[in-house]
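Engineer: Quick one, what's the 3D model for this:
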Amino acid sequence: MPSRMFIFAITSIATLAALPSDAFAMSVKFSWKGYEPCSTSSPAFIVSEVPTGTVRLAFKMVDKVVPTYPHGGGIIAYTGKSEIPAGAFSYKGPCPPKGQQHTYEWTVHALDKNGKVVASTTEVAKFPPQ
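Structural biologist: Here you go, the predicted model:
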(Lines give C-alpha, C1' and ligand atoms only; values in the text may rest on other atoms or scores of the structure.)
Protein backbone atom coordinates (compact mmCIF):
# COMPACT_ATOMS: atom_id res chain seq x y z
CA MET A 1 0.00 0.00 0.00
CA PRO A 2 1.53 3.36 -0.99
CA SER A 3 2.28 5.88 1.72
CA ARG A 4 0.30 9.11 1.93
CA MET A 5 3.43 11.12 1.08
CA PHE A 6 3.88 9.14 -2.14
CA ILE A 7 0.24 9.66 -3.13
CA PHE A 8 0.56 13.40 -2.38
CA ALA A 9 3.71 13.62 -4.52
CA ILE A 10 2.04 11.89 -7.48
CA THR A 11 -1.06 14.13 -7.14
CA SER A 12 1.15 17.23 -6.97
CA ILE A 13 3.11 16.21 -10.07
CA ALA A 14 -0.13 15.56 -11.96
CA THR A 15 -1.43 19.00 -10.91
CA LEU A 16 1.78 20.68 -12.07
CA ALA A 17 1.70 18.81 -15.37
CA ALA A 18 -1.82 20.10 -16.03
CA LEU A 19 -0.70 23.75 -15.82
CA PRO A 20 0.33 25.59 -18.99
CA SER A 21 4.03 25.26 -19.77
CA ASP A 22 4.54 29.03 -19.43
CA ALA A 23 2.87 29.24 -15.99
CA PHE A 24 6.26 29.16 -14.27
CA ALA A 25 8.33 31.22 -16.70
CA MET A 26 6.90 34.74 -16.45
CA SER A 27 9.30 37.22 -14.87
CA VAL A 28 9.54 40.92 -14.10
CA LYS A 29 12.54 43.19 -13.55
CA PHE A 30 12.70 46.79 -12.38
CA SER A 31 15.15 49.16 -10.74
CA TRP A 32 14.85 51.94 -8.21
CA LYS A 33 18.01 53.60 -9.60
CA GLY A 34 17.26 57.28 -10.20
CA TYR A 35 13.79 56.93 -8.66
CA GLU A 36 12.74 59.75 -6.32
CA PRO A 37 11.34 58.90 -2.87
CA CYS A 38 7.57 59.30 -2.49
CA SER A 39 6.97 59.49 -6.25
CA THR A 40 3.49 58.54 -7.47
CA SER A 41 4.73 57.51 -10.89
CA SER A 42 5.51 53.83 -11.37
CA PRO A 43 9.04 52.73 -12.26
CA ALA A 44 9.82 51.14 -15.63
CA PHE A 45 9.42 47.36 -15.80
CA ILE A 46 10.62 44.62 -18.11
CA VAL A 47 8.32 41.61 -18.33
CA SER A 48 9.20 38.39 -20.09
CA GLU A 49 7.60 35.05 -20.88
CA VAL A 50 4.13 36.56 -20.51
CA PRO A 51 1.58 33.85 -21.39
CA THR A 52 -0.26 33.93 -24.69
CA GLY A 53 -3.75 35.31 -24.19
CA THR A 54 -2.71 37.91 -21.62
CA VAL A 55 -4.62 41.16 -22.17
CA ARG A 56 -3.82 43.04 -18.94
CA LEU A 57 -1.08 43.14 -16.33
CA ALA A 58 -1.93 43.92 -12.70
CA PHE A 59 0.87 45.39 -10.59
CA LYS A 60 0.87 45.61 -6.79
CA MET A 61 3.61 46.76 -4.44
CA VAL A 62 4.00 45.79 -0.78
CA ASP A 63 6.47 47.22 1.73
CA LYS A 64 7.83 44.10 3.44
CA VAL A 65 8.74 46.19 6.52
CA VAL A 66 5.27 47.80 6.80
CA PRO A 67 3.00 45.46 4.81
CA THR A 68 -0.19 47.24 5.93
CA TYR A 69 0.79 50.50 4.19
CA PRO A 70 -1.53 50.89 1.16
CA HIS A 71 0.93 51.43 -1.72
CA GLY A 72 -1.47 49.95 -4.24
CA GLY A 73 -0.50 49.47 -7.86
CA GLY A 74 -2.19 49.57 -11.21
CA ILE A 75 -3.65 47.59 -14.08
CA ILE A 76 -2.52 48.26 -17.63
CA ALA A 77 -3.36 46.87 -21.04
CA TYR A 78 -0.77 44.36 -22.22
CA THR A 79 0.13 44.87 -25.87
CA GLY A 80 2.79 42.18 -26.18
CA LYS A 81 5.73 44.51 -25.51
CA SER A 82 8.22 43.57 -22.82
CA GLU A 83 8.99 47.15 -21.80
CA ILE A 84 6.47 48.84 -19.53
CA PRO A 85 7.47 52.53 -19.40
CA ALA A 86 7.92 54.53 -16.20
CA GLY A 87 4.69 56.27 -15.29
CA ALA A 88 2.43 53.59 -16.82
CA PHE A 89 0.23 53.88 -13.71
CA SER A 90 -0.01 55.91 -10.50
CA TYR A 91 0.43 54.48 -7.01
CA LYS A 92 1.98 55.43 -3.65
CA GLY A 93 5.71 54.99 -4.23
CA PRO A 94 8.34 53.93 -1.72
CA CYS A 95 8.79 56.54 0.99
CA PRO A 96 10.61 55.04 3.97
CA PRO A 97 11.50 57.38 6.83
CA LYS A 98 14.71 59.34 6.28
CA GLY A 99 17.75 57.19 6.99
CA GLN A 100 15.86 53.91 6.64
CA GLN A 101 15.89 51.37 3.86
CA HIS A 102 12.82 49.19 3.29
CA THR A 103 12.33 46.10 1.15
CA TYR A 104 9.58 46.34 -1.47
CA GLU A 105 7.96 43.49 -3.40
CA TRP A 106 6.21 43.93 -6.72
CA THR A 107 3.74 41.25 -7.73
CA VAL A 108 2.60 41.14 -11.35
CA HIS A 109 -0.41 39.09 -12.45
CA ALA A 110 -1.07 38.31 -16.12
CA LEU A 111 -4.82 38.45 -16.75
CA ASP A 112 -6.74 36.92 -19.65
CA LYS A 113 -9.78 38.47 -21.36
CA ASN A 114 -12.04 37.16 -18.56
CA GLY A 115 -9.86 38.66 -15.82
CA LYS A 116 -8.53 35.24 -14.78
CA VAL A 117 -4.94 35.18 -13.50
CA VAL A 118 -2.96 33.02 -15.93
CA ALA A 119 0.49 33.67 -14.43
CA SER A 120 2.11 35.61 -11.61
CA THR A 121 5.60 36.69 -10.70
CA THR A 122 7.34 38.80 -8.07
CA GLU A 123 10.47 40.91 -7.79
CA VAL A 124 11.96 42.31 -4.59
CA ALA A 125 14.32 45.28 -4.13
CA LYS A 126 15.40 47.59 -1.34
CA PHE A 127 14.68 51.34 -1.41
CA PRO A 128 16.58 53.50 -1.48
CA PRO A 129 18.99 51.38 -3.51
CA GLN A 130 22.58 51.12 -2.28
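
Engineer: E123: what's it in contact with?
Structural biologist: S27, V28, K29, F30, E105, W106, V108 (C-beta atoms under 8 Å, 6 or more residues apart in numbering). Quick note: C-beta positions are derived from backbone N, CA and C, even for glycine.

Engineer: Put the buried members of these into a ChimeraX selection.
Structural biologist: Applying 16 or more other C-beta atoms under 10 Å to these leaves a buried subset, and the ChimeraX line that selects it is:
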select :28,30,106,108
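
Engineer: Can you flag which of the contacts of E123 belong to strands?
Structural biologist: Counting by DSSP state E, the contacts of E123 place S27, V28, K29, F30, E105, W106, V108 in strands.

Engineer: all helices of this structure, in order?
Structural biologist: Listed from the start of the chain, the chain has helices (DSSP state H) covering 4-18.

Engineer: closest to V47 among the ones in strands among the contacts of E123?
Structural biologist: V28 (5.2 Å; C-beta to C-beta).

Engineer: beta partners of the closest one?
Structural biologist: V47 (DSSP bridges).

Engineer: ok, now how distant is it from S82?
Structural biologist: 10 Å (C-beta to C-beta, to the nearest Å).

Engineer: tell me, what's touching the two both at once?
Structural biologist: I46, V47, S48.

Engineer: If anything else comes up later, I'll come back, but that's it for now.
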